[in-house]
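Visitor: sequence and computational prediction follow.
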Amino acid sequence: MQANAATTLAEARKEAYSTPLEQLDVSRPSRFQHDTLWPFFARLRAEAPVHYCAWSPFGPYWSITRYDHIMYVDTHHELFSSEPGITILDTSDEFELPMFIAMDPPRHDEQRREVSPAVAPPNLANLEPLIRERVCRILDELPASEPFNWVEHVSIELTTQMLATLFDFPFEDRRRLAWWSDVVNATPKSGLVASEQARRDELMACYRYFAELWEERRKRPPANDFISMLAHGESTRNMPWHEYLGNLVLLIVGGNDTTRNSISGGVLALNQYPDEYKKLRENPELIQSMVPEIIRWQTPLAHMRRRATQDTELGGQRIRRGDKVVMWYVSGNRDAGAIDDPDRFIIDRPNPRRHLAFGYGIHRCMGNRLAEMQLRVLWEEILQRFRTVEVVGEPVRVHSNFVRGYSELPVKLHPW
């Protein structure tokens, strides 16, 4: 399996450096699915860190691939707007879903403020015992002597339980949350939906389910869950249906994908770097620095998209008003100009939070501390039970240039 992966990566490297620079399109989802994206971004960082792709299936766009340039775009929202969307894919007007991450101030600030208390430090402290209880139950019920899919049994199960709590969502239906999260950015090529209309139908089913919950929460006193906060919030209680659905989608994906795929990515990384796994077993206190390193190494959301609000210059390139600008977090997190030895997974890396996976500026991930807490608790409990979570087959990655995720990660447990 490793030999095949090396051959595939060698072929990708040859393609990356033989393609004329002006024809290079780093947005192809297949490269993310097969994990062959790295040489393409390495070339752009070295030769054209602010790169214009005139033609792609997603239209023309600028690629921002170096750490410092990404930081500049992310922290200058007055020059680079998040409206009308955050992904490289343009949504047709008739099914546009407004959400606060794809809004500029003041609307962004007002709507984000309504739901942020759910993941504020006091609430996280209250949630930790519940997370630990659930982690213990999940780990204790895993197959003891046979291979199984870590994504299905651990990553999805833990994150959907947490999402159900944050939404006060019917616990028995929690797997619907993972399904809707997957459908949000799915295309027919992903194998999840047969057509764009099928995707929309699934999202409308999501809306109908949550519309009932909205009505129920609206009639109750305000509570500390996302739906109640939206239903009672001054800036959100009169939202049109498509804005409610947009914010639901944002909170579902934000609460699911970062943690879920970092849970899987951490297991894979430790198997690819067995010396680091040995270091962790011998020094469990390194979990604290390992958690942000997992998130950097995985970078669960590969990019965020912006729109230039005026003519501006970046990296010696002239970006025109209205141009699509894509910040490739996955590339910035492998930039040797900002991070030492960035292609290696190092669990005791100095300053491990120096990464871009949560974004920066006003749109920085609202639930970053919750994601880190879930990963920390999970690894504390894993080390109590298992000497090794061994990857016993090739991971299956999703077909997406936005979510860097896994649908399968076959593993076998080795208790102490």
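Guide: Good, I have the coordinates.
Visitor: moving C-terminal of the helix or strand harbouring residue 127, what's the next helix or strand?
Guide: For residue 127, the element it lies in under DSSP states H and E is helix 121-140. Where DSSP H and E defines the elements, the next helix or strand beyond helix 121-140 is strand 148-149.
Visitor: and after that next one, which helix or strand comes next?
Guide: Downstream of strand 148-149, the first helix or strand assigned by DSSP H and E is helix 150.
Visitor: what are the contacting residues of that following helix?
Guide: If you take C-beta atoms under 8 Å, 6 or more residues apart in numbering as the criterion, helix 150 is touched by 263, 264, 267, 389, 409, 410, 411. (Each C-beta comes from the backbone N, C-alpha and C, glycine too.)
Visitor: hmm, who's touching the helix or strand just after that helix?
Guide: Per DSSP H and E, the first helix or strand lying C-terminal to helix 150 is helix 156-167. Outside helix 156-167, the residues within contact range by C-beta under 8 Å, 6+ apart are 118-119, 127, 130-131, 134-135, 138, 169-171, 174-175, 177-178, 213, 225-227, 251-252, 255-256, 259-260, 263, 370, 374, 378.
Visitor: separate out the buried members of these.
Guide: Among those, the ones that count as buried by 16 or more other C-beta atoms under 10 Å are 118-119, 127, 131, 134-135, 138, 169, 174, 177-178, 213, 225-227, 251-252, 255-256, 259-260, 263, 370, 374, 378.
Visitor: next step: those restricted to helices.
Guide: Cross-referencing these against helices under DSSP state H gives 127, 131, 134-135, 138, 177-178, 213, 226-227, 251-252, 255-256, 259-260, 263, 370, 374, 378.
Visitor: and residue 170, what are its phi and psi?
Guide: Main-chain dihedrals, residue 170, degrees, to the nearest 10: phi -50, psi 120.
Visitor: mind checking the end-to-end distance for stretch 223-234?
Guide: Start-to-end span of stretch 223-234 (C-alpha to C-alpha, to the nearest Å) is 14 Å.
Visitor: burial count for the closest residue to residue 67 other than its chain neighbours?
Guide: Of all residues not flanking residue 67 in the chain, residue 338 sits nearest, at 3.5 Å (C-beta to C-beta, 6 or more residues apart in numbering). By other C-beta atoms under 10 Å, 17 other residues sit near residue 338.
Visitor: what about residue 338, distance to residue 246?
Guide: Separation of residue 338 from residue 246 (C-beta to C-beta, to the nearest Å) stands at 33 Å.
Visitor: how about residue 415?
Guide: For residue 415 relative to residue 246 (C-beta to C-beta), the value is 45 Å.
Visitor: tell me which of those two has more neighbours.
Guide: Shown here are residue 415 and residue 246; by other C-beta under 10 Å, residue 246 has more neighbours (23 against 9).
Visitor: for the more buried one, list the residues it contacts.
Guide: Each residue near residue 246 by C-beta under 8 Å, 6+ apart is listed here: 97, 98, 99, 102.
Visitor: wouldn't the first one be in contact with residue 249 here?
Guide: Yes: taking contacts as C-beta atoms under 8 Å, residue 97 lies within contact range of residue 249: 6.0 Å.
Visitor: so what sits against both of the two?
Guide: What both residue 97 and residue 249 touch, as defined by C-beta under 8 Å, 6+ apart, is the set residue 203.
Visitor: just checking, what packs against the worst-scoring helix or strand of the chain on mean pLDDT?
Guide: Scoring the helices and strands of the chain by mean pLDDT, DSSP states H and E places helix 2-18 at the bottom, with a mean of 83. When contacts are defined as 3 or more C-beta pairs under 8 Å, 6 or more residues apart in numbering; DSSP states H and E, helix 2-18 sits against helix 38-47.
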